[in-house]
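Student: only geometry, no sequence info:
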Ligand code: UD1
């Protein structure tokens, strides 16, 4: 089909993918979602329909199934690809690394092969600040901070993904790539129509906070109180998922307008670090709910402190975070309350 603004969004029904679909649509793109819903929830389609005013176009396809995926490349002439589809649970990746390498690397290889075959030359990859490992001296990392060994097979798949794209770009100069290195995505759409659906017990901090506050979890465990930080707890850069989604739109616009070769890594974060205890205090302030929490041992493999230098995102993509961490926490809380209403 000829729609000159079609963008393939693999993993478009997932947490970050679904918010990106909304922002792309609002910006005049025509998002085509590919997702097999193994880690997402079908009800996201209802939320997207309400936000977009029309049903999103989606195909239930596993990106590892190249034959099925190729049919879409024959049907649409994509202007670009945003590749989200991947596993992302650190612990699970340690337990079953091959599952991670198969899904995250094979999926990327398939999408890249089809991109080259059908001349789809604008490519945005979902990478992660995990590629920096534990920052040595400076906790504020820029794209020039040397990469170091990630703490998990999941992290390795992101590092290998970036390397793979660099090699592909070197041999195909028309293929333009932006690796977006996400810091810690949190929050939900302000409308509470879409958000995150953690499967099982959440691993990430904010879903655990909201689930504890609503009573789904008994108590939040704060992993470690003896780190060399102001209050002894780990520090992260929490970025609102809608700001992160917008970064993908800006990256796609940038690639479209770029006439020379391009392979860039760009940090997507707020530039501010927040400790776990600060997150808890902000949550209690924003929600008015007293959180049940206690200290526990350190979690193996945790980075102590990391936050983004987000200057390049601003300079190159004309992007910066607009939402505050209070907004993100409020939207996450509103979404949690909405999930309960719908159970
Ligand atoms: C984790 C992954 C990272 C991945 C990201 C995806 C690790 C070591 N890193 O990041 O590679 O890209 O998720 O979103 O798993 N915390 C608690 N109690 C909890 C949950 C978390 O104290 O119940 C703490 C953690 O120890 C950490 C902070 O909260 O200090 C943030 O944790 P989390 O949300 O899991 O994010 P990351 O560890 O930064």
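Tutor: Sure thing, it's come through. Keep in mind it's a predicted model, so treat the numbers as computed, not measured.
Student: what about the closest residue to residue 160 other than its chain neighbours, neighbour count?
Tutor: The spatially closest residue to residue 160, leaving aside those adjacent along the chain, is residue 105, at 6.2 Å (Cβ to Cβ, 6 or more residues apart in numbering). Bear in mind the C-beta positions are built from the backbone N, C-alpha and C, glycine included. If you count neighbours by other Cβ atoms under 10 Å, residue 105 ends up with 17.
Student: just residue 293 next, same as before
Tutor: Neighbour count of residue 293, defined by other Cβ under 10 Å: 19.
Student: these two touch, right, the residue nearest to residue 160 and residue 165?
Tutor: No - with contacts defined as Cβ atoms under 8 Å, residue 105 does not count as touching residue 165, sitting 11.5 Å away.
Student: gap between the residue nearest to residue 160 and residue 49?
Tutor: As for residue 105, its distance to residue 49 is 33 Å (criterion: Cβ to Cβ, to the nearest Å).
Student: just to be sure, residue 313 is in a helix?
Tutor: Yes - following the definition DSSP: H, G, I helix; E, B strand; the rest coil, residue 313 is counted among the residues of a helix.
Student: what's the pLDDT at it?
Tutor: According to the model's per-residue confidence, residue 313 sits at a pLDDT of 98.
Student: now residue 4
Tutor: In this prediction, residue 4 carries a pLDDT score of 83.
Student: please apply the same query to residue 290.
Tutor: 98.
Student: then residue 134?
Tutor: The predicted local confidence for residue 134 is 89.
Student: contact partners for it?
Tutor: The contact partners of residue 134, by Cβ atoms under 8 Å, 6 or more residues apart in numbering, come to 148, 151, 303, 304, 306.
Student: at 7 Å instead, please
Tutor: Contact criterion Cβ atoms under 7 Å, 6 or more residues apart in numbering gives 303, 304 as the residues in contact with residue 134.
Student: what helix or strand is it located in?
Tutor: No secondary structure element spans residue 134, as it lies outside all helices and strands (assigned by DSSP states H and E).
Student: which strand residues bridge the closest residue to residue 82 other than its chain neighbours?
Tutor: Distance criterion Cβ to Cβ, 6+ apart; nearest residue to residue 82, sequence neighbours excluded, is residue 124 at 4.5 Å. In this structure, residue 124 has beta-bridge partners residue 82, residue 178, where bridges are defined by DSSP bridges.
Student: for residue 124, what are its contacts?
Tutor: For residue 124, the set of contacting residues under the criterion of Cβ under 7 Å, 6+ apart consists of 82, 178, 180, 248, 251, 252.
Student: out of the residues you listed, who's nearest the ligand?
Tutor: Of all the contacts of residue 124, residue 180 has the smallest distance to the ligand: 12.3 Å, by Cβ to the nearest ligand atom.
Student: go ahead and confirm that closest one touches residue 246.
Tutor: No - using Cβ atoms under 7 Å, residue 180 makes no contact with residue 246, being 11.2 Å away.
Student: pull out the buried positions in the helix or strand harbouring residue 170.
Tutor: Using DSSP H and E, residue 170 sits within helix 153-171. If you call a residue buried by 16 or more other Cβ atoms under 10 Å, then helix 153-171 has these buried ones: 153-162, 164-165, 168-169.
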